[in-house]
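[1] Sequence first, predicted coordinates after that:
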Amino acid sequence: MPITGENLSNWIREVSELVAGIVRNFEQTHGYPPGENVVRTAAPGDSSALPGGTSVAGLHDDLAAFYSRVEEVSLPDVGNGFFVHPLEDVVAGRVEGFQPTGLRGSVNDAITVFGSDGGGGLFALNESGDRVYRLSGGSLVASVYEVDDSGVAVVATDLWAFLDHLLDEVRAAAR
């Protein structure tokens, strides 16, 4: 499903409301204070403020649409933690080589790393936008992540399915 302003607005609202409930009773339930659990919305025009714009960075349209509304997602207390990195980190990862831009091994694909989890895994959207991978245990060689079957998993069929999965994780944590 393509990301639209309406479905993304509903996603932001629901995740934010659920996170507020999680944080409200977190310390009482767990015995320690929560981390910073937040969906930071982007200021209008944030994505166009990047040098060269998002299209130069090679971002898929769904990632560009997402970052036009969301600056960052930080959910350290949901599952083992979920993080959608700020756009400037995603672009720097691609342009400056901080993150892989390709997979080689059991899967060969062009990717954009956009997030991570609390277990050291990376989340990446492939170039065609029809797979979100969770990467772990591979080797970064130049800009290529060399990985075998155990280090790559398809966790969603597109970025919206990943966001929907993340919402399900937040709902489970709120129960």
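    Good, I have the coordinates.
[2] ok, then the element right after the worst-scoring helix or strand of the chain on mean pLDDT?
    One helix or strand of the chain scores below all others by mean pLDDT, DSSP states H and E: helix 53-56, with a mean of 46. The element immediately downstream of helix 53-56 (helix or strand, assigned by DSSP states H and E) is helix 61-69.
[3] Okay, buried residues for that next one please.
    62-69 (16 or more other Cβ atoms under 10 Å). Just so you know, the C-beta spots here come from the backbone N, C-alpha and C atoms, and that holds for glycine as well.
[4] Can you check which helix is longest in the protein?
    Once the chain is assigned using DSSP state H, the helix that runs over the most residues is helix 5-24.
[5] Residues in contact with it: which ones?
    Helix 5-24 is contacted by residues 1, 34, 37-39, 41, 65-66, 69-70, 73, 75, 77-78, 160, 163-164, 166-167, 170-171, 173-174 when judged by Cβ atoms under 8 Å, 6 or more residues apart in numbering.
[6] So how do I select the buried members of those in PyMOL?
    A single PyMOL command selects the buried members of the contacts of helix 5-24 (16+ other Cβ under 10 Å):
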select buried, resi 34+37+38+39+65+66+69+70+73+75+77+78+160+163+166+170+173
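[7] so of the contacts of helix 5-24, which ones are in strands?
    38-39, 41, 70, 73, 75 (DSSP state E).
[8] And the furthest pair within those residues?
    41 and 75 (14.9 Å; Cβ to Cβ).
[9] Let's test this: mean pLDDT of stretch 5-25, rounded?
    The average pLDDT for stretch 5-25 rounds to 94.
[10] Using PDB, write down the CA coordinates of the longest helix of the chain.
    Extracted in PDB, the C-alpha atoms of helix 5-24 (Å, rounded to 0.1, in the frame of the first residue of the first chain):
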ATOM      1  CA  GLY A   5      -0.800  11.800   4.000                       C
ATOM      2  CA  GLU A   6      -4.100  10.500   5.400                       C
ATOM      3  CA  ASN A   7      -3.000   7.000   6.300                       C
ATOM      4  CA  LEU A   8       0.300   8.300   7.700                       C
ATOM      5  CA  SER A   9      -1.500  10.900   9.800                       C
ATOM      6  CA  ASN A  10      -3.700   8.200  11.300                       C
ATOM      7  CA  TRP A  11      -0.600   6.100  11.900                       C
ATOM      8  CA  ILE A  12       1.200   8.900  13.700                       C
ATOM      9  CA  ARG A  13      -1.900   9.700  15.800                       C
ATOM     10  CA  GLU A  14      -2.500   6.100  16.900                       C
ATOM     11  CA  VAL A  15       1.100   5.300  17.700                       C
ATOM     12  CA  SER A  16       1.500   8.600  19.600                       C
ATOM     13  CA  GLU A  17      -1.600   7.900  21.700                       C
ATOM     14  CA  LEU A  18      -0.600   4.300  22.500                       C
ATOM     15  CA  VAL A  19       3.000   5.400  23.400                       C
ATOM     16  CA  ALA A  20       1.600   8.000  25.800                       C
ATOM     17  CA  GLY A  21      -0.300   5.200  27.600                       C
ATOM     18  CA  ILE A  22       2.800   3.000  27.600                       C
ATOM     19  CA  VAL A  23       5.000   5.700  29.100                       C
ATOM     20  CA  ARG A  24       2.300   6.800  31.700                       C
END
